[in-house]
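Enquirer: what shape does this take:
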Amino acid sequence: MSEADQPERTGAPSLLRPRQAGVHGKVTNIELFFDLVFVYAITQLSHTLLRDLSGGGVLHVLVLFLAVWWVWIFTGWITNWLDPDRLAVRLLLLVLMFAGLLLSTALPQAFDARGLTFAGAYTFMQVGRSCFMLWALRRSPLPARRNFHRITLWLAVSGVWWIAGGWLDGQVRLACWMVALAIEYTGPAAFFYVPGLGRSSTAEWDVEGGHMAERCSLFVIIALGESVVVTGSSFAQGARTADTWIAFVAAFVGCVAMWWIYFDIGAERGSRSIRESADPGRTARLGYTYLHLLIVAGIVVSAVGDELSLEHPQAVGNLPQVAVLLGGPMLYLLGNAWFKQTVNHTRLPLSHLAGLGVLLLMSLLASRVSVLWLSVLVAAVLVMVATWEALSLGQLRRELYGSADH
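Expert: Numbers count the residues shown, from 1 in each chain. Sure thing, here's the model as predicted:
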């Protein structure tokens, strides 16, 4: 048992999630309810990116996406330690859910009129959740509380930059928020070092691996679900021509291939690896906290590419459109390859590297191909990667699932 999981010293009921050796901690209904806000957030981000594919627009969406992912994954860490069946924890999640909804509504105008709303909601979620954890650990041993003293201080410092950016305008706002993100993303890598308090250790971040893996895989489902919604909505609103039918089928096939690449055996293999790890905190930090943002970003950008192919199938893509159509799948394959290498302690999957190579070669020909056929080729590459991996790891699949039927 890690220091963060130590029982409280008095007879007061603990707010920490009970653990049993060999038992996989399940994701609870209140956690899934909380995640609904982020379905909306992902939709807001993809629509915001679609409206402005300029360099500035892409940079703005990148900053917002990194913030959305960070506030969600930090909540995932907290609910890995806290027991969502306790009333106080449920109330925490509902309050965070309301703040997350407010944050999501501000996303399209976060760099315009609603910057302070976005920054205030974000800072409240980050600092408030960490303060709640300090209260939940108030009777726990000092090392457990010290961990969250450090985390809270880091988040409070970044919060100053978030709020300052919300008050200011234009490029100054962007600069402030980039500083805030740099502070927050550096935190786990620097073990939240604070002068006088030292630094945390991955032993203090001893997560329940099965729960963490399931939480992140469910967020991947959220992102894929948003992609399905975007595809269906665009197809429903457009004319039923041969081009839109082809684009619709290609978008669906590409989404299925993305699901297959991650969920065929990748998600289960990663879950078993972190459950059996001697240092699950380290695996969760790199494999699930950092690398999953590449996977989710790839899905979000790919959804924008699907919408482009449905709206302008015969157009020859300009540079931003080609970057979206190819960049989304490339981010997705890169994130999956790096994640699988990290959690499974293997080499980068050859199938994923081959897919990345083909997509890179396609970028040389993209100016001669319509958006429609570029999307078809991208879907074919994703199917190739999924099929290659499924065939090459057939024996491993049978070992994982215990049946040749999977």
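
Enquirer: so what's the residue nearest to the spatial centre of the chain closest to, chain neighbours aside?
Expert: In the chain, the residue lying closest to the centroid (C-alpha atoms, centre = their mean) is Leu293, at 4.1 Å. Counting by C-beta to C-beta, 6 or more residues apart in numbering, Leu293 lies nearest to Trp69, which is 4.7 Å off, once chain neighbours are set aside. Heads up, the C-betas are built off the backbone N, CA and C, glycines and all.

Enquirer: is the residue nearest to the centre of the chain in contact with Val68, as I believe?
Expert: No - shown here, Leu293 and Val68 do not form a contact pair, counting by C-beta atoms under 8 Å, at 9.6 Å.

Enquirer: residues near Glu276, how many?
Expert: 10 (other C-beta atoms under 10 Å).

Enquirer: list the contacts for it?
Expert: Counting by C-beta atoms under 8 Å, 6 or more residues apart in numbering, Glu276 touches Gly209.

Enquirer: picking that back up, what's the mean pLDDT across the strand or helix carrying the residue nearest to Leu293?
Expert: Per DSSP states H and E, Trp69 falls inside helix 55-81. The average of the pLDDT scores along helix 55-81 is 95.

Enquirer: likewise for stretch 101-114?
Expert: Mean predicted confidence for stretch 101-114 is 96.

Enquirer: and what of stretch 178-192?
Expert: pLDDT averaged over stretch 178-192 gives 94.

Enquirer: contacts for that stretch?
Expert: Here stretch 178-192 has contacts from 63, 66-67, 70, 126, 147, 150-151, 153-155, 157-159, 161-162, 165, 199-202, 285, 289-290, using C-beta under 8 Å, 6+ apart.

Enquirer: try 7 Å
Expert: 63, 66-67, 70, 150-151, 154-155, 157-158, 161-162, 165, 199-201, 285, 289 (C-beta atoms under 7 Å, 6 or more residues apart in numbering).

Enquirer: follow-up on the earlier one: settle this for me: the residue nearest to the centre of the chain is touching Val71, isn't it.
Expert: No - with contact defined as C-beta atoms under 7 Å, Leu293 does not count as touching Val71 (11.9 Å).

Enquirer: sorry, back to before: got the buried residues for the strand or helix carrying the residue nearest to the centre of the chain?
Expert: Element membership for Leu293, per DSSP H and E: helix 291-311. For helix 291-311, a neighbour-count test (16 or more other C-beta atoms under 10 Å) marks 291-310 as buried.

Enquirer: again, but for stretch 384-400
Expert: Per 16+ other C-beta under 10 Å, stretch 384-400 contains these buried residues: Val385, Ala386, Trp388, Glu389, Leu393, Arg397, Leu400.

Enquirer: please apply the same query to stretch 125-137.
Expert: Met125, Gln126, Val127, Gly128, Arg129, Ser130, Phe132, Met133, Leu134, Ala136, Leu137.

Enquirer: ok, the first one - contacts?
Expert: Listed by C-beta under 7 Å, 6+ apart, the contact set of Met125 reads Val71, Leu96, Ala99, Gly100.

Enquirer: in a markdown table, list those residues along with secondary structure, neighbour count and distance to Val371.
Expert: As requested, the contacts of Met125 are exported to a markdown table (DSSP: H, G, I helix; E, B strand; the rest coil; neighbours: other C-beta atoms under 10 Å; distance: C-beta to C-beta, whole Å):
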| residue | secondary structure | neighbour count | distance to Val371 |
| --- | --- | --- | --- |
| Val71 | helix | 22 | 33 |
| Leu96 | helix | 25 | 39 |
| Ala99 | helix | 21 | 38 |
| Gly100 | helix | 26 | 34 |
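
Enquirer: ok, so of the residues you listed, who is nearest Phe339?
Expert: Taking C-beta to C-beta as the measure, Phe339 sits nearest to Val71 out of the contacts of Met125, at 20.7 Å.

Enquirer: any idea which element the closest residue to that closest one other than its chain neighbours lies in?
Expert: Spatial nearest neighbour of Val71, chain neighbours left out: Met125 (5.2 Å); criterion: C-beta to C-beta, 6+ apart. Per DSSP H and E: Met125 is located in helix 115-136.

Enquirer: report the distance from that helix to the chain centre.
Expert: 19 Å (C-alpha atoms, centre = their mean, to the nearest Å).

Enquirer: how far off helix 55-81 does that helix point, in degrees?
Expert: Orientation of helix 115-136 against helix 55-81 (axes from the mean of the first three to the mean of the last three C-alpha atoms, to 10 degrees) gives an angle of 20 degrees.

Enquirer: sorry, back to before: just the CA coordinates of the helix holding Leu293, formatted as PDB?
Expert: C-alpha atoms of helix 291-311 as PDB (Å, rounded to 0.1, in the frame of the first residue of the first chain):
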ATOM      1  CA  LEU A 291       1.000   9.500 -24.200                       C
ATOM      2  CA  HIS A 292      -2.800   9.200 -24.300                       C
ATOM      3  CA  LEU A 293      -3.100  12.800 -25.100                       C
ATOM      4  CA  LEU A 294      -1.500  12.000 -28.500                       C
ATOM      5  CA  ILE A 295      -4.000   9.200 -29.100                       C
ATOM      6  CA  VAL A 296      -7.000  11.400 -28.200                       C
ATOM      7  CA  ALA A 297      -5.700  14.400 -30.200                       C
ATOM      8  CA  GLY A 298      -5.300  12.200 -33.200                       C
ATOM      9  CA  ILE A 299      -9.000  11.200 -33.000                       C
ATOM     10  CA  VAL A 300     -10.100  14.800 -32.600                       C
ATOM     11  CA  VAL A 301      -8.100  16.000 -35.600                       C
ATOM     12  CA  SER A 302      -9.200  12.900 -37.700                       C
ATOM     13  CA  ALA A 303     -12.900  13.800 -36.900                       C
ATOM     14  CA  VAL A 304     -12.300  17.300 -38.400                       C
ATOM     15  CA  GLY A 305     -10.700  15.600 -41.400                       C
ATOM     16  CA  ASP A 306     -13.800  13.400 -41.800                       C
ATOM     17  CA  GLU A 307     -16.000  16.500 -41.800                       C
ATOM     18  CA  LEU A 308     -13.900  18.200 -44.400                       C
ATOM     19  CA  SER A 309     -14.200  15.100 -46.700                       C
ATOM     20  CA  LEU A 310     -18.000  15.200 -46.300                       C
ATOM     21  CA  GLU A 311     -18.400  18.900 -46.900                       C
END
